[in-house]
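> Whatever this is, show me its structure:
(one chain, ligands or ions: 1)
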Amino acid sequence: MKLKDRVAVITGAGSGIGRASALEFAKEGARVVVADINRNGAVETVKRIEQAGGQAHAVTTDVADAASVQNLVRETLRVWPQVHVLFNNAAIQINKTVEETEVEEWNREIAVNLGGIFLCCKFFMPHLRKTKGAIVNMSSVNGFFVEPICAGYCATKAAIIGLTKAMAIDHGKEGIRVNCICPGYIDAGLAEGYFEAQPDPAAARAAAGKLHALGRIGRPEEVG
Ligand SMILES: NC(=O)c1ccc[n+]([C@@H]2O[C@H](COP(=O)([O-])OP(=O)(O)OC[C@H]3O[C@@H](n4cnc5c(N)ncnc54)[C@H](O)[C@@H]3O)[C@@H](O)[C@H]2O)c1
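Next up, the predicted model:
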């Protein structure tokens, strides 16, 4: 087991890739803190982990809110004494051009996708320093290639790559590894929303599969 007795916090683990990753982490022996703005989703993930014989704890969290993230840190350390892994996975995707995007939508997308990573890293860092822990930030292939009608999303995913590199050199010397992952299309919530926003969702989905070396879109557990 690669993560035996490690404590891993995963944001956005109430569905999709976050949930699948939480299940994979638990299979590898991690005790998983399932953080999500969607309480029911988080509780369901915990249930599935426990049914499979693992250990998990749900914490309702809005990663865009500093007080909520500080509560996540407190709750994590209340339940388990240390934290070893922070997987910043939570995100939203506004499927619009810049012109169509409302100012509030833009601000929220930046606050969740980029600001959420900033807040979680900021408040977990003192605790990750103690364990020489690891941070994994979720970017996307959209961080370096882009697609139509998701301008704000692409901008946040590119920024996450820059933030990850900057954090890696700041904190690598302290023994904290900071990496990001950039999956292609994965059969989970945000890709589904993107396909649904296209004039012909089925055609968009089929075309997306052809862009990948495997000839199909990926599965959430493959990211985990
Ligand atoms: N699905 C894909 O094709 C794909 C590809 C590359 C990268 N990604 C990235 O993977 C991650 C997960 O995407 P997914 O497709 O599984 O989406 P999803 O919608 O299934 O999961 C996102 C989760 O984040 C939660 N969330 C949203 N706002 C939040 C907030 N403010 N605080 C806490 N939790 C919040 C949601 O409730 C949800 O459970 C995202 O960062 C996404 O950008 C997805």
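
> tell me the mean pLDDT for the helix ranked longest in the chain?
Criterion DSSP state H: the longest helix present in the chain is helix 151-171. Helix 151-171 carries an average pLDDT of 98.

> List the residues that contact the spatially most central residue of the chain.
The centroid of the chain falls nearest to residue 89 when counting by CA atoms, centre = their mean (0.4 Å). By CB atoms under 8 Å, 6 or more residues apart in numbering, the residues touching residue 89 are 10-13, 17-18, 21, 138. No exception for glycine: its C-beta is placed from N, CA and C like everyone else's.

> swap in residue 22?
10, 13, 32, 34, 45, 49, 56, 224.

> Would you double-check that it falls in a helix?
Yes: Residue 22: assigned to a helix according to DSSP: H, G, I helix; E, B strand; the rest coil.

> Can you tell me the closest non-neighbouring residue to it?
residue 13 (4.4 Å; CB to CB, 6 or more residues apart in numbering).

> my guess is the one you found contacts residue 20, does it?
No: assessed by CB atoms under 8 Å, residue 13 is found out of contact with residue 20, at 9.1 Å.

> State the separation between stretch 104-120 and the centre of the chain it belongs to.
12 Å (CA atoms, centre = their mean, to the nearest Å).

> mind checking the end-to-end distance for that stretch?
22 Å (CA to CA, to the nearest Å).

> mind listing what the residue nearest to residue 22 touches?
19, 21-22, 32, 34-36, 42, 45, 89.

> ditto for residue 71
Contacts of residue 71 by CB under 8 Å, 6+ apart are 59, 61.

> Name the helix or strand for it, please.
Using DSSP states H and E, residue 71 sits in helix 66-79.

> Could you point out the helix or strand that follows that helix?
strand 85-88.

> Not counting residues beside it along the chain, what's closest to residue 111?
Closest to residue 111 by CB to CB, 6+ apart is residue 64, at 4.0 Å.

> which SSE is the one you found in?
Using DSSP H and E, no helix or strand contains residue 64.

> right, and it touches residue 119 too?
Yes: using CB under 8 Å, residue 64 is in contact with residue 119, at 7.4 Å.

> of those two, who's got more company?
residue 119 (25 against 22; other CB atoms under 10 Å).

> which residues does that one contact?
Going by CB under 8 Å, 6+ apart, the list of residues near residue 119 reads 63-66, 69.

> of the residues you listed, buried ones?
63-65, 69 (16 or more other CB atoms under 10 Å).

> Tell me which two of those sit farthest apart.
Spanning the widest gap among the buried ones among the contacts of residue 119 are 64 and 69, at 8.6 Å by CB to CB.

> Mutual contacts of the two, please.
Going by CB under 8 Å, 6+ apart, residues that sit against residue 64 and also against residue 69 are 116, 119.

> quick one on the thing from earlier: can you narrow the buried ones among the contacts of residue 119 down to the ones near the ligand?
63-64 (CB under 6 Å from any ligand atom).
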